[in-house]
Structure formats: C-alpha cells, structure tokens
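Engineer: Sequence and computational prediction follow.
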Amino acid sequence: MKPLAITVLVLVGTGSLVSCANELDVTRNERPSLSIGEEVFNEFCSRVAREELPLDVTGAQTRQTCMFGVEPRVDSLRLNVLHQNRSRLVQAIDFLLAEPLGSELNQLLKDMVPLYDSREPQAQF
C-alpha cells in the first residue's frame, strides 16, 4: 500500500471513531455547604477511606458516607466506627470552632477554594 492510502485510511478510521464518541460533560455539580465540623469530618473520613480502599481512586464508594453520613456500603471497621461517631465528632468540632472564630475560619477557607480550582497555588511549585 502506498503511504498516501495508509494516511487516508488512518484519517477515515479516526474520524469514524471520534464521531461515535459521546460529548464530554464538563459541568460541575454544585457542592453542598457544610459546617466547619462537617468539612473536617469529610476530609478525615476521605483520608481514612483512601487508606482502607486504595483501589477506589475516585472515592465513589465512600463519598456519600463521608459527606452526608450515609451508612457505609463497604466492609471496613474503621469507616463503620467513624460513621457511628460522625455526629459526635461534628458537634465537638463545631463547638470548639464556634462563632466568631468559626465564621472567620469558614470565610477564609471559602475564599481559598477558587485558588485551588484555578490551580494557581499548585502552579507555583
């Protein structure tokens, strides 16, 4: 086969594959507003979940448990105990970081989120 025929064949094959692909949905889901205690618990729970389930790279199996307190769907003693004590931990952290410190810290953390969304801090390293 001539090189031109091979190039045309590759281009036609690639074009037909691309035309069959679904359009990529890049819209972001709105994240619910959480208290300081819920945010701290969510991060702590997510870290425990990463250690317990290293193959769940997206966090899909534990996201509802960590963020909203849904019963864990995985067999993990650490996550189950953490889930059972969720309300106590959240209330304790919210109490310790009560107003006005809590609102100031909450505002600082909310102000920092756009920086991480834009990847600006990571670009400096």
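Structural biologist: Arrived safely, thanks for sending.

Engineer: Could you check how far Asp75 is from Phe44?
Structural biologist: In this structure, Asp75 and Phe44 are 20 Å apart, going by Cβ to Cβ, to the nearest Å. Heads up, the C-betas are built off the backbone N, CA and C, glycines and all.

Engineer: Between those two, tell me which one has more neighbours.
Structural biologist: The residue with more neighbours, out of Asp75 and Phe44, is Phe44; 14 against 8, by other Cβ atoms under 10 Å.

Engineer: And the more buried one, how far from Ala92?
Structural biologist: Taking Cβ to Cβ, one finds Phe44 at 12 Å from Ala92.

Engineer: show me the contacts for Glu71.
Structural biologist: Thr65, His83 (Cβ atoms under 8 Å, 6 or more residues apart in numbering).

Engineer: and the gap between it and Arg47?
Structural biologist: Counting by Cβ to Cβ, the gap from Glu71 to Arg47 is 20 Å.

Engineer: ranges for the helices of this structure?
Structural biologist: In the chain, the helices defined using DSSP state H lie at 3-20, 36-52, 63-68, 77-84, 86-96, 101-117, 120-123.

Engineer: Columns distance to Arg28 on top of the ones you listed, output as TSV?
Structural biologist: Output for those, formatted as TSV (distance: least, Cβ to Cβ, whole Å):
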stretch	distance to Arg28
helix 3-20	25
helix 36-52	17
helix 63-68	15
helix 77-84	26
helix 86-96	25
helix 101-117	9
helix 120-123	18
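
Engineer: Any chance of TSV for those helices, columns distance to Glu30 and mean pLDDT?
Structural biologist: TSV is the format used below for the helices of the chain (distance: least, Cβ to Cβ, whole Å; pLDDT from 0 to 100):
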stretch	distance to Glu30	mean pLDDT
helix 3-20	31	70
helix 36-52	16	91
helix 63-68	13	89
helix 77-84	24	93
helix 86-96	21	91
helix 101-117	13	75
helix 120-123	22	60
